[in-house]
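A.B. asks: The following comprises the amino acid sequence and a computationally predicted model.
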Amino acid sequence: MSLSILLSRQPIIYLLTCLFSGFSSAFIFPLLSLYLIDELKVSPISMGFFIATLILSGVIVSQYFAKKSDQGVSRKKIILMAQLGFISSTIIISVTRDYYISLASVIFFMSFSACNIPQVFAMGRNYADKYLAEKAVLFVTMMRAAIAVAWVIAPPLAFLINDLFGFTQAFLIAASCSTMVFFIVLTGLPNIHIEIEQQPEKPVRWQKVPGVLFFLLCMFFAFSANNMYITSISLYLTQELNFASKWAGYLMGIAAFIEIPIMLSAGYLAQKLGMHRLIFIACLSGLIFHVGLLVAKQPWEFMVIQIFNGIFVGINASLGMVVVQDLIKKQMGLASTLFSNSQMLSVLLGSMMIGFIAQNISYYAIFMASSLFCAIALTFLYLAARQIQRIKPIKENL
């Protein structure tokens, strides 16, 4: 991809959309468990129910609009609606300290925000396929890297702002970033999907496409492990190891910093090694990381193993969606949403596991379960590869 194309207006608009979308989510979601436990004084079970409700409502809404977008409904309007939902919910959460009001806000407003990332990536992939040809995969990984840049900066700042000023100020910053996304999309993104996505033939059901279900299950368990870590690490560090809460922000920032060059490299390496091999390396790194959490006791030990976490998340997050998009090319909105929803449902499973394990055993025991999930992800990846290789040459790999 030449420098002139990278610096042209449209790619920059997509990258800025991803960057500020990352900022908006990274200023609120790492703090959400602390907000529920420390500010709203709820039990781990109630925390798990809150996050589960947030995820299920988001999956339902995003799946509905995924189908509508592939049928011709404007992706741009869906993204704008998603931003308004996020802004409304975040403002409500920032000013209330009532559990049920917060719960209602995520059901009726934040659920729409789940449409944002899949629709942005569907538009971005359509744009890349039309204008960037063989560099489409690289451009999608750059979009995901832009989100990772936000996660380098925002979580440490979010925990710092929370320590200095409180949850309200941190959540209002998230709302401000979402407002930026709204205006970037409103003024910068065109509606290009209608002319290149309308298909006269009846689309094939995604469950019948070889490899899709097993691959989504692989991503589901991989991201379940990752979300169990993200949700519980701050509580584990503060309540069981007596670390300052800022260390959770530092660790998330380090991991995201490692993810960026890995994401950008994955776009090039996929053409040489194949996406299946890279994702296998990622899941294996995830297993090493989560086992490492069981033995790490000092801050520097947690920092060192973030290398494996960065590989784990960087490759899966950047190439995972591309794999599903390639397998269901004629339904780009559905493909992007299926991948996104596998991530969201992984948060649902992770939150349920955290609530049960933390309340009945310990936060430390959570990492035993997350290690098991990484092993399960590797198993489903193998099954997906076998299905795909039955209908494609082995050299194509996923």
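C.D. replies: Yep, it's here. Numbering: from 1, shown residues only.

A.B. asks: Next up, the contacts around the spatially most central residue of the chain.
C.D. replies: Nearest to the mean C-alpha position of the chain, by Cα atoms, centre = their mean, lies Gln343 at 6.1 Å. Contact partners of Gln343, counting by Cβ atoms under 8 Å, 6 or more residues apart in numbering, are 219, 223, 227. C-beta here means a position set from N, CA and C on the backbone, and glycine is covered the same way.

A.B. asks: Look up the pLDDT of the second one for me, please.
C.D. replies: In this case it means Phe223. We have a pLDDT of 92 for Phe223.

A.B. asks: if I pick it, what's in contact with it?
C.D. replies: Neighbouring residues of Phe223 by Cβ under 8 Å, 6+ apart: 316, 342-343, 346-347.

A.B. asks: buried ones in stretch 254-268?
C.D. replies: By neighbour count on 16 or more other Cβ atoms under 10 Å, the buried set for stretch 254-268 is 254-260, 262-267.

A.B. asks: Go ahead and name everything in contact with that stretch.
C.D. replies: Taking Cβ under 8 Å, 6+ apart as the rule, stretch 254-268 contacts 137-142, 144-145, 148-152, 155, 278, 303, 306-307, 309-311, 313-315, 317-319.

A.B. asks: The same query, at a cut-off of 6 Å, please.
C.D. replies: By Cβ atoms under 6 Å, 6 or more residues apart in numbering, the residues outside stretch 254-268 that reach it are 137-138, 141, 144-145, 148, 151-152, 278, 303, 306, 309-311, 313-315, 318-319.

A.B. asks: ditto for stretch 116-124
C.D. replies: By Cβ under 6 Å, 6+ apart, the list of residues contacting stretch 116-124 reads 14, 17, 75, 78-79, 82, 143, 321, 332-333, 336-337, 340.

A.B. asks: Serialize those residues to a markdown table and add fields for neighbour count, pLDDT and secondary structure.
C.D. replies: Shown next, in a markdown table, are the contacts of stretch 116-124 (neighbours: other Cβ atoms under 10 Å; pLDDT from 0 to 100; DSSP: H, G, I helix; E, B strand; the rest coil):
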| residue | neighbour count | pLDDT | secondary structure |
| --- | --- | --- | --- |
| Tyr14 | 24 | 92 | helix |
| Thr17 | 28 | 95 | helix |
| Arg75 | 29 | 90 | helix |
| Ile78 | 23 | 94 | helix |
| Ile79 | 28 | 94 | helix |
| Ala82 | 30 | 95 | helix |
| Met143 | 26 | 89 | helix |
| Met321 | 28 | 87 | helix |
| Met332 | 27 | 81 | helix |
| Gly333 | 29 | 83 | helix |
| Ser336 | 30 | 87 | helix |
| Thr337 | 30 | 89 | helix |
| Ser340 | 26 | 88 | helix |
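
A.B. asks: Let me know the closest of the residues you listed to Ile354.
C.D. replies: Ser340 (21.0 Å; Cβ to Cβ).

A.B. asks: Give me the number of neighbouring residues for the residue nearest to that closest one when sequence neighbours are not counted.
C.D. replies: Nearest non-adjacent residue to Ser340, counting by Cβ to Cβ, 6 or more residues apart in numbering: Pro118, 4.2 Å away. Applying the criterion other Cβ atoms under 10 Å, we find 31 residues in the vicinity of Pro118.

A.B. asks: got it, and the one 4 residues further on?
C.D. replies: The local packing count at Ala122 equals 28, with neighbours defined by other Cβ under 10 Å.

A.B. asks: and it, what element?
C.D. replies: helix 116-131 (DSSP states H and E).

A.B. asks: and if you look at Gly48?
C.D. replies: Gly48 belongs to helix 44-70, assigned by DSSP H and E.

A.B. asks: ok, back up a step: just the buried residues of the contacts of stretch 254-268.
C.D. replies: The buried subset of the contacts of stretch 254-268 - by 16+ other Cβ under 10 Å - is 137-138, 141, 144-145, 148, 151-152, 278, 306, 309-311, 313-315, 318-319.

A.B. asks: residues in contact with the nearest residue to Phe27 once chain neighbours are set aside?
C.D. replies: Nearest residue to Phe27, sequence neighbours excluded (Cβ to Cβ, 6+ apart): Ala174, at 3.8 Å. Each residue near Ala174 by Cβ under 6 Å, 6+ apart is listed here: 24, 27-28, 90.

A.B. asks: Show me which residues of the one helix or strand the residue nearest to the centre of the chain maps to are buried.
C.D. replies: In this structure, Gln343 is located in helix 332-360 according to DSSP H and E. For helix 332-360, the buried set under the neighbour-count rule, 16+ other Cβ under 10 Å, comprises 332-355, 357-358.

A.B. asks: Packing partners of the next helix or strand after that helix?
C.D. replies: Downstream of helix 332-360, the next assigned helix or strand under DSSP H and E is helix 366-391. Counting contacts by 3 or more Cβ pairs under 6 Å, 6 or more residues apart in numbering; DSSP states H and E, helix 366-391 packs against helix 212-239, helix 275-295, helix 332-360.

A.B. asks: Convert the helix or strand following the shortest one to CSV, retaining C-alpha atoms only.
C.D. replies: Toward the C-terminus, helix 275-295 is succeeded by helix 299-304 as the next helix or strand (DSSP H and E). Listed in CSV are the C-alpha atoms of helix 299-304, where the atom choice follows Å, rounded to 0.1, in the frame of the first residue of the first chain:
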residue,chain,number,x,y,z
PRO,A,299,4.5,-6.6,38.9
TRP,A,300,7.4,-7.2,36.6
GLU,A,301,6.3,-10.8,36.0
PHE,A,302,2.8,-9.7,35.0
MET,A,303,4.5,-7.2,32.6
VAL,A,304,6.7,-9.8,31.0
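
A.B. asks: how far out from the middle of the chain is helix 299-304?
C.D. replies: Chain-centre distance of helix 299-304: 24 Å, with Cα atoms, centre = their mean, to the nearest Å.

A.B. asks: switch to numbering from 427
C.D. replies: Understood, numbering begins at 427; the last thing we discussed is helix 725-730.

A.B. asks: tell me which residues in it are buried?
C.D. replies: For helix 725-730, by 16+ other Cβ under 10 Å, it's Phe728.

A.B. asks: Same question for stretch 806-818.
C.D. replies: Result for stretch 806-818 [16+ other Cβ under 10 Å]: buried residues 806-807, 810-811, 813-815.
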